[in-house]
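**Q** need a 3D model of the sequence below.
(one chain, ligands or ions: 1)
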Amino acid sequence: MRMGIFGGTFNPVHNGHVRTAEEIRRIMTLDRILFIPSGNPPLKSRDLADAADRYAMTVLAVVGNPVFDVSDIELVRKQKSYTVDTVRSLLHDHPHDHLFLILGIDAFLDMPNWYRPDELVSLIDIIVMERPGIASTSIAASPFLADLKPDARGIWRFPGGKTVSLVAVAPHDISSTRIRQLVRSGRNIDHLVPAPVAEYISTHRLYRS
Ligand code: ATP
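**A** Here you go, the predicted structure:
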């Protein structure tokens, strides 16, 4: 099985996440996509909803989609969860599947600041999704791709064999930051998140202060 791993803060999950994941699945012929909301960091910022709420909203966002799942792997881990640990654990649990890590281009460009990024790129194939406001050409600035050239399909291959694929997707100019700002100022977010997520935010009075 070809399985996409889509991690994020999902604070909250929005239509940009869900629609681009659907498109990536189709383009990359993935069988399933596993959404992985991050756990609570040791120092939680004011506008970060609790991990349990972000997990619940992600479940609501994918309910009814038979090829999307949500994992609580980063919620249940006691210590701080790093992507490299999550990927190691999933590779261990899915020895017969082909796993792909799905990242927006902003997240991919930020990867050098992550914990053990060199190890991460040696472990798993990476799919980088375009995102409005960030030129796709900026991917060349990534130090991981510095000495490599993409092939005609926009795929970079590391000497160890793992790949980075840059995938063009329809633009959805939506961010969780914008949604939180709208909620805080009492504006409508129905067009930006799945309906059950809007309802959850309202019922649980998230992002109000
Ligand atoms: P915030 O505004 O709080 O930074 P976000 O909207 O970027 O949040 P995240 O949960 O941080 O959402 O995103 C998870 C992953 O989804 C990241 O890899 C990010 O690049 C990607 N992503 C988020 N929104 C979009 C979008 N509109 N189009 C494409 N990729 C996206």
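**Q** so how many other residues sit close to the single nearest residue of the chain relative to the ligand?
**A** Per Cβ to the nearest ligand atom, residue 104 is where the chain lies closest to the ligand, at 1.8 Å. C-betas here are computed from N, CA, C, even on glycine. A count of nearby residues for residue 104, using other Cβ atoms under 10 Å, gives 20.
**Q** how much space between it and residue 176?
**A** Separation of residue 104 from residue 176 (Cβ to Cβ, to the nearest Å): 11 Å.
**Q** tell me which stretches of the chain form helices.
**A** Counting by DSSP state H, the chain has helices at residues 15-27, 51-62, 73-76, 83-93, 105-110, 117-123, 176-184, 195-203.
**Q** deepest of those, which one?
**A** Per residue and on average, the most neighbours among the helices of the chain fall to helix 51-62, with a mean of 21 (mean count of other Cβ atoms under 10 Å).
**Q** state the pLDDT value of the residue in the chain sticking out farthest from the centre.
**A** Farthest-out residue of the chain from its mean C-alpha position, per Cα atoms, centre = their mean: residue 186, at 26.9 Å. Residue 186 carries a pLDDT value of 96.
**Q** now swap in residue 50 and tell me
**A** pLDDT recorded at residue 50 is 95.
**Q** can you tell me the closest non-neighbouring residue to it?
**A** Excluding the flanking residues, the one nearest residue 50 by Cβ to Cβ, 6 or more residues apart in numbering is residue 40, at 6.6 Å.
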